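K.L.:
Mind looking at a prediction? Sequence and model below.
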Amino acid sequence: MKKALVLLSGGQDSTTCLFWAKANFDTIEAIGFDYGQRHKLELELAAQNAKEAGIPFYVTKVSMLTDIVPNALTSQTIDVEEVVGEGSAPNTLVEGRNMIFITYAGVYAKSKGINNLVMGVGQTDYSNYPDCRDEFIQSAKQTLSLALDYQMEIYTPLMWKSKAETWQLADELGVVDIIKNKTLTCYNGVIADGCGNCPACKLRNKGWQEYVNSKG
Ligand SMILES: [Zn+2]
């Protein structure tokens, strides 16, 4: 019996991973994090999608992240900026976020007898977020297993996929309509195709166009 816990935010990537996990494991659960993000709709969509897929979804609060460092994704008074230079992270980066999420998810997974975590991180299109890189994930897997004295795997099906390939995966899983219409990626909190102008929308919509064009 293969069990997995999916880290679910309500965005395109983690929701695609939810359905990837459903197709690849016998039993799955999902965990979401309320860290004071601007757009609560994200978690509401996550809850809806999980419920409709018959997957238990647990939301835990990790508010100390934003107590320490306010950020464009969590503060109402900081505007989202475009990435300024090559190699620098955008101001939507919440420092250490995935490290904390993985730790919480790992502790929760162990309590449920689950050995596999599934995350929607990737380093192909979305560079400059240091804790989305494969090197970090491999290291976190090892650290988590040591910290809990419990063998943990972390699956990242999108690690080497472009946004267009992520859309393709959703299509192959038969959930492209759910991903297109019932996820929130936009930094301005607009569901589905989003505001069209923020960096997250540009990436998502560009990937969609590429995917549609590749199908001919
Ligand atoms: Zn947007």
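P.N.:
That came in fine, so what should we check first?
K.L.:
Show residues contacting stretch 161-178.
P.N.:
Stretch 161-178 is contacted from outside by 12-13, 15-16, 19-20, 23, 49, 122, 124-125, 157-158, 179-180, 203-204, 206-208, 210-211, 214, using Cβ atoms under 8 Å, 6 or more residues apart in numbering. Where you see a C-beta, it was placed from the backbone N, CA and C, and this is true even at glycine.
K.L.:
how close does S14 sit to S139?
P.N.:
Noted for S14: a distance of 21 Å to S139, by Cβ to Cβ, to the nearest Å.
K.L.:
For the two, work out which one has more neighbours and name it.
P.N.:
Comparing S14 with S139 by other Cβ atoms under 10 Å, the one with more neighbours is S14, at 24 against 12.
K.L.:
Mind pulling up the pLDDT for the spatially closest residue to the more buried one that is not a sequence neighbour?
P.N.:
Once flanking residues are discounted, S14 sits nearest to G120: 3.8 Å by Cβ to Cβ, 6 or more residues apart in numbering. Here, the pLDDT recorded for G120 equals 96.
K.L.:
ok, now F136?
P.N.:
95.
K.L.:
thinking again about what came up before, check the burial of the residue nearest to S14 by counting its neighbours.
P.N.:
Look at G120: counted by other Cβ under 10 Å, it has 23 neighbours.
K.L.:
Q142 now?
P.N.:
A count of neighbours around Q142, defined by other Cβ under 10 Å, yields 12.
K.L.:
ok, now G113?
P.N.:
Number of residues near G113 (other Cβ under 10 Å) recorded here: 10.
K.L.:
Just confirm it is within a strand.
P.N.:
No - G113 is assigned coil when assessed by DSSP: H, G, I helix; E, B strand; the rest coil, not a strand.
K.L.:
do you know how far it is from M1?
P.N.:
9 Å.
K.L.:
and L158, helix, strand or coil?
P.N.:
coil.
K.L.:
I'd like to know how many residues surround the closest residue in space to it that isn't next to it in sequence.
P.N.:
Take L158 and drop its neighbours on the chain: the residue closest to it by Cβ to Cβ, 6+ apart is G122, 4.1 Å away. For G122, the neighbour count with other Cβ under 10 Å is 24.
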